[in-house]
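A.B. asks: Sharing a model that was predicted from the sequence below.
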Amino acid sequence: MDILRATAGALQRALGPDLDRLGRDTGAIRRCRKFSGMTLLKTVVLTLLKSPAARTDDYVATAARLGVVVTPRAIDKRFTPRLAAFLRAALERLLPQAIAAAPAAIPLLGKFTAVLVGDSTTVALPDADADEFPGCGGKSGAGKAAVKIQVVWDLVAGRLTRLLLEPGRLHDTNSAAVAEPPPAGSLTIRDLGYFDLSRFRAWAAGGAHWLSRWQPGTRVFDPDGRPLELLERLRRHPPGTPFDAAVSLGAAERLDCRLIALRAPQEVAARRRRQAYRKAQKHGGVPSREHLAWCDWTVFVTDCPADLLSWKEVVVLYRARWQVELLFKLWKSGNRLATPPGSGSPGRRLADVWGKLIAVVLQHWLLLTTSWPDARRSLWKGAAVIRDWVVSLSEAWGDLDQLAAVIDRVRVEVAAVARVNARGKHPSSFQLLLNPELLDWHC
């Protein structure tokens, strides 16, 4: 029950009486006639958690359950820039807090103090916010104004160690999410958008491990410092085994590490070539012969030696990075984070974004508490269960013991229905993490 009470206490603090002063400071609460800061935030966040495509009547119903009887017109008048500022301030107050769960019994993840997967996703904002959150112009999903959400997620304890809101235009390599060194004994896994040899060196110097795909064009040297024509070397490598060797990366950096290269399955290589042609055609050209040749290979680099991770474990762990993409999919599709409300002012759109971000953080805490120790967990199914219980959670919010008891009932239902099925032909991610030898990769 300790984790249940800890989560219940964290939820109470997140939507607690301290919000009353924050509401007054941001101007969202001027005269406490109907709403206090706490009841206003609960009304918005709990409504969006239960009904991501909420209409005005949904907010009215939530407010009534909280003891605040208001008209639909009164709710509509609340969606102002002041409400958006209040929700944003509440979100920033919430983000440094974090809930961690008991780790699932997965020996591969247990080799590290934390397994940190990180990535970003972008959500469009009203054009009026372009000064603070400039987007990328005509790029889909990031017009004149956009917020980039940077997430660092520990797959061992499930904790969101970082959740940062940055301008949509900011490149991932310049994000503050990668400026802070990871803890000693951890493993950080990121995609090529964050590839930086000097940063890898600094992490390793601090006792933290790293794993990445190899950035094409990065110079490779053998242990004696001789240039290695990697593509030619791989072409001569006998089939049936991975190329697994000590190398140095970077003409100037000379970062010592391990490089693992695997022949891609034919269907994967063919798909990569089609994508390369489509991308080149958008710019009026064709992909180079070298680029097309690299489509036959998947190349990883890491500082983890073979006695720490086998090549199959390297592949399985890098595949686990995809879990953060599934988390974004849950937020954007299940919680409709990137979907504007059906109508309303720019202030309503901003309030919708900040309110949904608070909702997904609270949802994540509940998911960790109710499902994380089970390696077969389905966050998507678990989130659906949580939405069904929002009314009961809101009614119990003021009583710690009662709230913990409701969370325990949610846990029982999640354990019963929110699980991923085991597969025989194509093992699921949890199956590969539990047994990397199930990986079927013909080198």
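C.D. replies: Received the coordinates, thanks.
A.B. asks: OK, contacts around the spatially most central residue of the chain?
C.D. replies: Closest residue to the average C-alpha location of the chain: Val324 at 4.0 Å, with CA atoms, centre = their mean. When contacts are counted by CB atoms under 8 Å, 6 or more residues apart in numbering, Val324 touches 117-119, 151, 153. Placement of C-beta: from N, CA and C, glycine included.
A.B. asks: do Leu327 as well
C.D. replies: With CB under 8 Å, 6+ apart, Leu327 has these contacts: 151, 153, 379.
A.B. asks: Gln363 versus that one, what's the distance?
C.D. replies: Separation of Leu327 from Gln363 (CB to CB, to the nearest Å): 11 Å.
A.B. asks: follow-up on the earlier one: could you export the contacts of Leu327 as a markdown table, including neighbour count?
C.D. replies: As requested, the contacts of Leu327 are exported to a markdown table (neighbours: other CB atoms under 10 Å):
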| residue | neighbour count |
| --- | --- |
| Val151 | 20 |
| Trp153 | 22 |
| Leu379 | 23 |
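A.B. asks: and of the residues you listed, the nearest to Glu267?
C.D. replies: Leu379 (28.5 Å; CB to CB).
A.B. asks: What score does Gly285 have for pLDDT?
C.D. replies: With respect to pLDDT, Gly285 scores 88.
A.B. asks: Looks to me like it is in a strand.
C.D. replies: No - using DSSP: H, G, I helix; E, B strand; the rest coil, the assignment for Gly285 is coil, not a strand.
A.B. asks: do you know how far the closest residue to Ile29 other than its chain neighbours is from Glu132?
C.D. replies: Excluding the flanking residues, the one nearest Ile29 by CB to CB, 6 or more residues apart in numbering is Gly23, at 3.6 Å. Distance check for Gly23 against Glu132: by CB to CB, it reads 22 Å.
A.B. asks: Kindly report the same for Leu165.
C.D. replies: For Leu165 relative to Glu132 (CB to CB), the value is 10 Å.
A.B. asks: between these two, which one's more packed in?
C.D. replies: Neighbours per residue (other CB atoms under 10 Å) separate Leu165 from Glu132, with Leu165 holding more: 17 against 10.
A.B. asks: ok, Ala204 - how many residues close by?
C.D. replies: By other CB under 10 Å, the residues close to Ala204 number 17.
A.B. asks: Please read the previous query as pertaining to Val412.
C.D. replies: Val412 has 10 neighbouring residues, counting by other CB under 10 Å.
A.B. asks: Would you enumerate the residues in contact with it?
C.D. replies: So Val412 contacts nothing (CB under 8 Å, 6+ apart).
A.B. asks: Next up, identify which helix or strand it is on.
C.D. replies: If you go by DSSP states H and E, Val412 is part of helix 400-417.
A.B. asks: do the same with Lys148
C.D. replies: Going by DSSP H and E, Lys148 is part of strand 146-154.
A.B. asks: Can you dump the C-alpha atoms of the next helix or strand after that strand in CSV for me?
C.D. replies: Following strand 146-154 in sequence order, the next helix or strand is strand 160-167 (DSSP H and E). Provided in CSV are the C-alpha atoms of strand 160-167 (Å, rounded to 0.1, in the frame of the first residue of the first chain):
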residue,chain,number,x,y,z
LEU,A,160,9.5,10.7,-16.3
THR,A,161,12.8,12.1,-15.2
ARG,A,162,12.5,15.1,-17.5
LEU,A,163,9.5,16.8,-19.3
LEU,A,164,10.5,20.1,-20.8
LEU,A,165,8.5,22.5,-22.9
GLU,A,166,10.7,24.2,-25.6
PRO,A,167,10.2,26.2,-28.8
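A.B. asks: Note down every partner strand of the strand holding Lys148 and its orientation.
C.D. replies: Sheet pairing of strand 146-154 (DSSP bridges) gives strand 115-124 (antiparallel), strand 160-167 (antiparallel).
A.B. asks: ok, and what's touching that strand?
C.D. replies: Contacts of strand 146-154 (CB under 8 Å, 6+ apart): 100, 114-125, 133-136, 159-170, 172, 175-177, 323-324, 327-328, 353, 357.
A.B. asks: Let me know the average pLDDT across it.
C.D. replies: 94.
A.B. asks: And stretch 351-358, by the same measure?
C.D. replies: On average, stretch 351-358 scores 94.
A.B. asks: 59 is where my numbering starts, stick with that
C.D. replies: OK, 59 is where the count begins now, so the last one is stretch 409-416.
A.B. asks: what's the offset of it from the middle of its chain?
C.D. replies: Distance, stretch centre to chain centre, for stretch 409-416: 16 Å (CA atoms, centre = their mean, to the nearest Å).
A.B. asks: residue ranges with poor pLDDT in this protein?
C.D. replies: Within the chain, the ranges that satisfy pLDDT under 70 run 59, 195-200, 401, 500-501.
A.B. asks: repeat that for 50
C.D. replies: Applying pLDDT under 50 to the chain flags the ranges 197-199.
A.B. asks: Now do the domain split for it, please.
C.D. replies: The record's domain parsing of the chain by automatic domain parsing lists 60-155+399-475, 265-378.
A.B. asks: right, so of those domains, which gets closest to Phe488?
C.D. replies: Using CB to CB, those put domain 60-155+399-475 closest to Phe488, at 4.6 Å.
A.B. asks: Any idea how far apart the tips of that closest one sit?
C.D. replies: Distance between the two ends of domain 60-155+399-475: 23 Å, counting by CA to CA, to the nearest Å.
A.B. asks: got the residue ranges for the strands in this structure?
C.D. replies: Ranges of strands within the chain are 173-182, 204-212, 218-225, 245-247, 267-271, 278-279, 301-307, 313-321, 355-360, based on DSSP state E.
A.B. asks: Check which helices and strands the shortest one sits against.
C.D. replies: Meaning strand 278-279. Under the contact definition 3 or more CB pairs under 8 Å, 6 or more residues apart in numbering; DSSP states H and E, strand 278-279 sits against strand 301-307.
A.B. asks: Could you do the fourth one as well?
C.D. replies: Secondary-structure packing of strand 245-247 (3+ CB pairs under 8 Å, 6+ apart): strand 173-182, strand 267-271, helix 369-378.
A.B. asks: can you do 6 Å?
C.D. replies: If you count contacts as 3 or more CB pairs under 6 Å, 6 or more residues apart in numbering; DSSP states H and E, strand 245-247 packs onto strand 173-182, strand 267-271.
A.B. asks: if we can go back for a sec, check contacts around the residue nearest to Ile87.
C.D. replies: Neighbouring residues of Gly81 by CB atoms under 6 Å, 6 or more residues apart in numbering: 87, 95, 144.
A.B. asks: how near is the residue nearest to the centre of the chain to Asp280?
C.D. replies: Distance, Val382 to Asp280, by CB to CB: 34 Å.
A.B. asks: again with Asp78
C.D. replies: From Asp78 over to Asp280 (counting by CB to CB), the distance is 65 Å.
A.B. asks: Pick out whichever of these two has more residues nearby.
C.D. replies: Asp78 (18 against 13).
A.B. asks: Contact partners for that one?
C.D. replies: Per CB under 6 Å, 6+ apart, neighbours of Asp78: 94-96.
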